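Participant: Next come a sequence and a model predicted from it.
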Amino acid sequence: MGFLKILKKPMGSNDVNIKATKTTESTAFYGNDVIAFDTLKSVQPFVKLFRNLQNVIYFDDICTLDGSECHLIIKGNSVVINGEVVINSLVDLNVFLNLDSNSVTFEDMAVTYTNCQKLYNTVLVSNFESISAQKYLTGILISKFGLQLNDIHILLNSKNKFNYKDWCYIKLNGSNEYIKCWCHIDRDSNDERNGIKIKFYQEDKKSLKKNNLIGFVDNLNVTDLFLNVSESNLEDDNATKYIESIDSVKILGTFKIVNSGSESISRSSTSSSLNSDNVGNENPAEKLHKRNISMVSAITQTSKNSFASKNSLSNLSISSSIQTEKINKKKIDLNLINYKDGLIIKPIPHDGISHMDSLLRMLIPMIDCLKKYGRPDKFKIDKSDRESIMFALPSPNSTRIVDAVLQEKFFNDFTLIDDNQNNSTAQISMNSVSDLLVDNI
């Protein structure tokens, strides 16, 4: 872990030369990026771990679906029913446990199983390992690619209060559509009561005084953020392809959408259970494909009149809250929809700046703003520290993060007590499995 030591202290302008020396031994090309051999060598073990986790069989048994027996397998982070992949990524779903009916509901697909608690716990472990593997990669890439940024000392120096402002694309986790917006990360803000915010606007910095706020993420309910691997089923252990598949940042936490109440939203972002009575006799894969969630139209529509007055607030089809937001030194009542399933942000590269540079220049201020992994002071990299970006990092050549003994203990003994309705299943996964591991590392 020596290559991460540079992250353990804030950097100042007087630091010695930190720009990585390009190696001539071997390089690979990633878009306009040149990936040095030592970078590929550092990434390779995490690629192997990620690939191994994709092949882990977490669950394999006969269950009941729509009154008929089915063969259900959880392989990696996917769900296979009767030989057909019906869910590619459990991390992107909300999964609900119903002990009264001995069932686990995957979105709109209710599966009955005698030991439904074990089935649910299996989902949590699968999510934890999948997300943790991406967090580890994020730490490595910050260390290796970050050192090549000519202004890394500015990004990492907490005293500089570097504020990020640029165009990007965002989509709600679970949606298929991106919208273009102006991202403003104000690291100089220190409003502890209302949270430090990453804000997204309809227009750029010249129009920030206008009422064009789309929504924001604050540091009050964010569990993790990391570089997002867009291609979940990589066919080999090629480190270059793995890096190429990273195109965005994923935030596990609540995205607060400014809403005028004029748009009905099809997916409840705050409900703690789904009605499984409407589950018909469709093929499971067909039902899951129908979850083409598009809240982007709602975001676009409501952002036009985002600052709603008290008299114009209307009842929404989902739970929402009216909060006070301080904008331009004026208190304005906002009607906010708390979308708990998270957000994916994709930077728009500029000419002469590589894609990975663009990702890291956006990611580091976000980590600082949300106060994750020890920042804005210094990165925590101790694997025994649950606040570390490398928490529970396994030993070299390990094929799992949660070993078999702890997994069995978790499967059989863990009972979810604090099922926070403000948290997604992915967040619950990270919190609950971390609770188990922190005392066993």
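Facilitator: Nice, thanks for sending it over.
Participant: How about stretch 427-438, which residues are buried there?
Facilitator: Residues of stretch 427-438 classed as buried by neighbour count (16 or more other CB atoms under 10 Å): 427-434, 436-437. Backbone N, C-alpha and C define where each C-beta goes, glycine included.
Participant: Same question for stretch 145-161.
Facilitator: Those would be 145-149, 152-153, 155-157, 160, for stretch 145-161 by 16+ other CB under 10 Å.
Participant: got the residue ranges for the helices in the stretch 301-441 of the chain?
Facilitator: Here the stretch 301-441 of the chain has its helices, by DSSP state H, counting those that start in this stretch, at 355-370, 404-413, 425-437.
Participant: Out of those, point me to the one whose mean pLDDT is lowest.
Facilitator: The minimum mean pLDDT among the helices of the stretch 301-441 of the chain belongs to helix 404-413 (a mean of 84).
Participant: my guess is residue 51 meets residue 241, correct?
Facilitator: No - the pair formed by residue 51 and residue 241 falls short of the contact definition of CB atoms under 8 Å, at 10.9 Å.
Participant: Skipping its backbone neighbours, what lies nearest residue 401 in space?
Facilitator: residue 129 (4.7 Å; CB to CB, 6 or more residues apart in numbering).
Participant: I'd assumed the one you found was in a strand, is it?
Facilitator: No - with DSSP: H, G, I helix; E, B strand; the rest coil as the criterion, residue 129 is assigned helix and is not in a strand.
Participant: Where does the prediction get shaky in the protein?
Facilitator: Applying pLDDT under 70 to the chain flags residues 1-34, 158-162, 187-195, 205-211, 231-235, 260-334, 416-420.
Participant: Please enumerate the helices of the stretch 151-300 of the chain.
Facilitator: 152-156, 239-244, 284-289, 296-303.
Participant: what's the shortest one packed up against?
Facilitator: With contacts defined as 3 or more CB pairs under 8 Å, 6 or more residues apart in numbering; DSSP states H and E, the packing partners of helix 152-156 are helix 355-370.
Participant: okay if I get the buried residues of stretch 427-438 as a markdown table plus distance to residue 40?
Facilitator: As requested, the buried residues of stretch 427-438 are exported to a markdown table (distance: CB to CB, whole Å):
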| residue | distance to residue 40 |
| --- | --- |
| 427 | 32 |
| 428 | 35 |
| 429 | 30 |
| 430 | 28 |
| 431 | 33 |
| 432 | 34 |
| 433 | 30 |
| 434 | 30 |
| 436 | 33 |
| 437 | 29 |
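Participant: any idea how far residue 259 is from the residue nearest to residue 401?
Facilitator: 35 Å (CB to CB, to the nearest Å).
Participant: How about residue 85?
Facilitator: Applying CB to CB to residue 85 and residue 259 gives a distance of 35 Å.
Participant: With residue 172 instead?
Facilitator: Applying CB to CB, the value for residue 172 to residue 259 is 13 Å.
Participant: now swap in residue 74 and tell me
Facilitator: Where residue 259 is concerned, residue 74 sits at a distance of 35 Å (CB to CB).
Participant: Let me have the helices of the stretch 301-441 of the chain in a markdown table, extended by distance to residue 245.
Facilitator: As requested, those are exported to a markdown table (distance: least, CB to CB, whole Å):
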| stretch | distance to residue 245 |
| --- | --- |
| helix 355-370 | 12 |
| helix 404-413 | 27 |
| helix 425-437 | 19 |
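Participant: ok, now which ones touch the closest residue to residue 57 other than its chain neighbours?
Facilitator: Leaving aside its chain neighbours, residue 57 sits nearest to residue 75 (5.6 Å; criterion: CB to CB, 6+ apart). Contact analysis of residue 75 by CB atoms under 8 Å, 6 or more residues apart in numbering lists 54-58.
Participant: Out of those, the closest to residue 103 would be?
Facilitator: Nearest to residue 103 out of the contacts of residue 75 is residue 58 (CB to CB; 18.2 Å).
Participant: Look up how far residue 408 lies from that closest one.
Facilitator: Using CB to CB, we find residue 58 at a distance of 12 Å from residue 408.
Participant: Compare those two (neighbour count), which wins?
Facilitator: Neighbours per residue, other CB atoms under 10 Å: of residue 58 and residue 408, the larger number sits with residue 58, 22 against 12.
Participant: what does whichever helix or strand that one is part of rub up against?
Facilitator: Assigned by DSSP states H and E, residue 58 falls within strand 57-65. By CB under 8 Å, 6+ apart, the residues outside strand 57-65 that reach it are 69-76, 81, 109-113, 119, 122, 125-126, 284.
Participant: What pairs with that strand, parallel or antiparallel?
Facilitator: strand 68-75 (antiparallel), strand 109-112 (antiparallel) (DSSP bridges).
Participant: Tell me the buried residues in that strand?
Facilitator: 58-59, 63-65.
Participant: CA atoms of that strand as CSV?
Facilitator: C-alpha atoms of strand 57-65 as CSV (Å, rounded to 0.1, in the frame of the first residue of the first chain):
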residue,chain,number,x,y,z
ILE,A,57,-22.2,-17.9,-6.1
TYR,A,58,-23.8,-16.2,-3.1
PHE,A,59,-27.1,-18.0,-3.3
ASP,A,60,-28.3,-21.1,-5.1
ASP,A,61,-31.6,-22.7,-4.2
ILE,A,62,-35.3,-23.3,-5.1
CYS,A,63,-37.7,-20.5,-4.4
THR,A,64,-41.2,-19.6,-5.3
LEU,A,65,-42.1,-16.9,-7.8
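Participant: For the residue nearest to residue 401, which residues are in contact?
Facilitator: Counting by CB under 8 Å, 6+ apart, residue 129 makes contact with 53, 56, 400-402.
Participant: can we see that at 10 Å?
Facilitator: By CB atoms under 10 Å, 6 or more residues apart in numbering, the contact set of residue 129 is 49-50, 52-53, 56, 58, 76-77, 392, 394, 400-402, 407, 429, 433.
Participant: Are any of the contacts of strand 57-65 buried, and if so which?
Facilitator: Applying 16+ other CB under 10 Å to the contacts of strand 57-65 flags 72-76, 81, 109-113, 119, 122, 125-126, 284 as buried.
Participant: The residues you listed: which two are farthest apart?
Facilitator: So, these by CB to CB: farthest apart are 76 and 112, at 23.3 Å.
Participant: Please enumerate the strands of the stretch 51-200 of the chain.
Facilitator: Assigned by DSSP state E, counting those that start in this stretch, the stretch 51-200 of the chain shows strands spanning 57-65, 68-75, 78-81, 84-87, 95-98, 103-106, 109-112, 164-172, 179-185, 197-201.
Participant: Pipe those strands into CSV and attach distance to residue 37 per row.
Facilitator: Formatted as CSV, the strands of the stretch 51-200 of the chain follow (distance: least, CB to CB, whole Å):
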stretch, distance to residue 37
strand 57-65, 35
strand 68-75, 33
strand 78-81, 33
strand 84-87, 36
strand 95-98, 41
strand 103-106, 42
strand 109-112, 46
strand 164-172, 31
strand 179-185, 33
strand 197-201, 35
